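[1] sequence below, structure please.
(one chain, ligands or ions: 1)
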Amino acid sequence: MKIAVVGTGYVGLVTGTCFAEVGIDVTCIDVNVKKIEDLRQGILPIYEPGLEEMVLRNVSKERLQFSTDLATAIKGCDAAFIAVGTPPGEDGSADLKYVLGVAREIGQHMDGYLVVVTKSTVPVGTANKVKQAVTEELQKRQSALQFDVASNPEFLKEGAAIEDFLKPDRIVIGVESEKAEEVMQRLYKPFLLNGHPIIFMDVPSAEMTKYAANSMLATKISFMNDIANLCEIMGADVNMVRRGIGSDTRIGNKFIYPGIGYGGSCFPKDVKALIKTASENGYQMQILQAVESVNENQKEVLFSKVKKHFKGELAGKTFALWGLSFKPKTDDMREAPSLVIIEKLLAEGAKVKAYDPVAIKEAQHMLGEKENVSYAKDEYEALIDADALLIVTEWPEFRSPNFSVIGKLLKNKVIIDGRNIYDAKEMQTLGFCYYGIGVQEVQPLTEMTN
Ligand code: NAD
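    Sure, this is the predicted structure:
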């Protein structure tokens, strides 16, 4: 089989590479010339565990190609996946200009029956717009070529994208013809060996499924953050509460970890877009409005704790930040809570020394040159002469550091842990002043006994 994947970002590159991995002839297309030139030389635009080796392997086997030329790449394809960005417009709705632009290009250049698949996250009704755009272009060509549209939302998680794509929990596909269903079934058959299903449904339901999934996950996070904040006030420990509720199989123990708010390229924009879709159609998503507002507050919680500890006097102080990316195992900095924390610290006249295993380049790109932000070559260098350590992203390598070295390098033994990766009692015993999320702050034992 032969496919084109249009848009070679996180989703397009992973999708194209994984389809190539199972033997399908894939061309990944992008308008970004530099990205395509780099990929042709084996330079990847993103960090994703396992992706580089897989790209190189499939390029060398000539199953995976990169191109800026959609007109040529689309010829003879069984399916074209649209995987371009759908950023939020000013009003929060998903901006479909890239998706529909690609649809038009496909209509201009396709040369036989094709399934046009939206893989980008798009609101209900978008497949119809795609269909219309392709049809209009075919009419301009006075072409009677047939095509179908399908909606195939992507559920991969950055940081585990390859695993998620190769062994998906489920594949959701919205189709409107048996022919399209048959093409999609053939394409995805190699990924179903783990026994998880393809769920075929109508197109609007598939489009809605993606937003409902991300909104449910964002809701779990905001709910748990709300509970965590209340735990702090009431003298409870959210780590205990989490275990207590997670053991109920109706609730489950995944995705109920409190922290400093969700970020990334998907949850914030998808929650916004669903709220907007609802309001455009005369309905109010009250839960999601609350989810958003809890999240905005939560991004400031770490900063508030810093401010509280230092009694509002942050000017001239230096803070070591461990972690910059919005979550571990990715260099994605889009909507990362670290950006909010850094801006707030700088606004108070503080300095930031940050370390992240892979996201420093991306952070430099997003933050630009900033006099009071420096980047360390490892986590310990970031601590030298810092007034406190702030845990922002829970990279595995931060979980079990050498606390005696941390204590020696920091000016004050203060850890403000936005991801609850350390144990408050242990920190107290080690002589640290420790703040977590939804747990009671502790002062070092030594100070208490003095
Ligand atoms: P991205 O910004 O990383 O990549 C989009 C790519 O599309 C860019 O390289 C851009 O140059 C390219 N592009 C734009 N217009 C184009 C055109 N006309 N022709 C060819 N290429 C074009 O975006 P992403 O993170 O991969 O997300 C893509 C879509 O998938 C979004 O709708 C997103 O919501 C959804 N999604 C993302 C994730 C994720 O974890 N990143 C997961 C599931 C779904």
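[2] make it CA atoms for all contacts and neighbour counts henceforth
    Fine.
[3] now stretch 284-294: buried residues?
    Along stretch 284-294, these residues count as buried under the neighbour rule (16 or more other Cα atoms under 10 Å): 288, 291-292, 294.
[4] go back to those and keep what's next to the ligand.
    Contacts with the ligand within these, as defined by Cα under 6 Å from any ligand atom: none are present.
[5] is it possible to get JSON lines of those residues that adds pLDDT?
    Putting these into JSON lines (pLDDT from 0 to 100) gives the following:
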{"residue": "288", "pLDDT": "98"}
{"residue": "291", "pLDDT": "98"}
{"residue": "292", "pLDDT": "97"}
{"residue": "294", "pLDDT": "98"}
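[6] residue 190 falls within a strand, correct?
    No - the secondary structure assignment for residue 190 gives helix rather than a strand, going by DSSP: H, G, I helix; E, B strand; the rest coil.
[7] mind listing what it touches?
    Contact partners of residue 190, counting by Cα atoms under 8 Å, 6 or more residues apart in numbering, are residue 22.
[8] quick one: the strands in the stretch 351-450 of the chain, in order.
    351-355, 373-375, 388-391, 414-417, 433-435 (DSSP state E, counting those that start in this stretch).
[9] so which of these comes closest to residue 361?
    Across the strands of the stretch 351-450 of the chain, residue 361 has its closest neighbour in strand 373-375 (9.6 Å, Cα to Cα).
[10] that closest one - contacts with which helices or strands?
    Strand 373-375 sits against strand 351-355, with contacts defined as 3 or more Cα pairs under 8 Å, 6 or more residues apart in numbering; DSSP states H and E.
[11] can you list the strands that the strand it packs on pairs with?
    For strand 351-355, the paired strands and their directions (DSSP bridges) are strand 318-322 (parallel), strand 373-375 (parallel).
[12] including mean pLDDT and distance to residue 267, could those go into JSON lines?
    Conversion of the strands paired with strand 351-355 to JSON lines gives the following (pLDDT from 0 to 100; distance: least, Cα to Cα, whole Å):
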{"stretch": "strand 318-322", "mean pLDDT": "98", "distance to residue 267": "23"}
{"stretch": "strand 373-375", "mean pLDDT": "98", "distance to residue 267": "27"}
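[13] circling back to that earlier point, can you name the two of the buried residues of stretch 284-294 that sit furthest apart?
    With distance counted by Cα to Cα, no two of the buried residues of stretch 284-294 lie farther apart than 288 and 294, which are 9.7 Å apart.
[14] about what we covered before: need the strands of the stretch 351-450 of the chain in JSON lines (columns: distance to the ligand).
    Rendered in JSON lines, the data for the strands of the stretch 351-450 of the chain read as follows (distance: least, Cα to the nearest ligand atom, whole Å):
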{"stretch": "strand 351-355", "distance to the ligand": "23"}
{"stretch": "strand 373-375", "distance to the ligand": "24"}
{"stretch": "strand 388-391", "distance to the ligand": "23"}
{"stretch": "strand 414-417", "distance to the ligand": "25"}
{"stretch": "strand 433-435", "distance to the ligand": "30"}
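[15] just put these in TSV and tack on mean neighbour count.
    As requested, the strands of the stretch 351-450 of the chain are exported to TSV (neighbours: other Cα atoms under 10 Å):
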stretch	mean neighbour count
strand 351-355	24
strand 373-375	18
strand 388-391	25
strand 414-417	24
strand 433-435	24
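[16] what would these look like in TSV with distance to residue 273?
    Rendered in TSV, the data for the strands of the stretch 351-450 of the chain read as follows (distance: least, Cα to Cα, whole Å):
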stretch	distance to residue 273
strand 351-355	32
strand 373-375	33
strand 388-391	30
strand 414-417	31
strand 433-435	34
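[17] who in the stretch 101-250 of the chain is up against the ligand?
    Residues of the stretch 101-250 of the chain found near the ligand (Cα under 6 Å from any ligand atom) are 101-102, 120-121, 154-158.
[18] neighbour-wise, give me the winner out of those residues.
    Neighbours were tallied for each of those (criterion: other Cα atoms under 10 Å), and the maximum of 29 neighbours falls on residue 121.
[19] so which residues of this protein form strands?
    2-6, 25-29, 64-67, 79-82, 114-118, 147-151, 171-175, 198-201, 318-322, 351-355, 373-375, 388-391, 414-417, 433-435 (DSSP state E).
[20] name the helices or strands packed onto the helix ranked longest in the chain?
    With DSSP state H applied, the helix covering the greatest number of residues in the chain is identified as helix 203-234. Judged by 3+ Cα pairs under 8 Å, 6+ apart, the packing partners of helix 203-234 are strand 147-151, strand 171-175, helix 238-246, helix 267-280, helix 286-298.
[21] give me the mean pLDDT for stretch 269-276.
    The predicted model assigns stretch 269-276 a mean pLDDT of 96.
[22] can that stretch be said to contact the ligand?
    No - Stretch 269-276 lies apart from the ligand when judged by Cα under 6 Å from any ligand atom; the minimum separation is 7.2 Å.
[23] same check, this time on stretch 311-330
    No - using Cα under 6 Å from any ligand atom, we find that stretch 311-330 stays clear of the ligand, coming within 9.9 Å at best.
[24] state the distance spanning the first to the last residue of that stretch.
    Terminal residues of stretch 311-330 are spaced 34 Å apart (Cα to Cα, to the nearest Å).
[25] for it, the distance to its chain's centre please.
    Centroid separation between stretch 311-330 and its chain, computed with Cα atoms, centre = their mean, to the nearest Å, is 20 Å.
[26] quick check: buried residues in that stretch?
    Residues of stretch 311-330 classed as buried by neighbour count (16+ other Cα under 10 Å): 314, 317-330.
[27] repeat for stretch 266-279
    Of the residues in stretch 266-279, those with enough neighbours to count as buried (16+ other Cα under 10 Å) are 266-277.
[28] in the stretch 251-400 of the chain, what residue is nearest the ligand?
    Scanning the stretch 251-400 of the chain for the residue nearest the ligand gives residue 266, at 5.3 Å (criterion: Cα to the nearest ligand atom).
[29] quick one: the closest residue to that residue other than its chain neighbours and residue 1, what's the gap?
    Taking Cα to Cα, 6 or more residues apart in numbering, and ignoring the residues beside it in sequence, residue 266 has residue 214 as its nearest neighbour in space, at 7.6 Å. For residue 214, the distance to residue 1 (Cα to Cα) stands at 31 Å.
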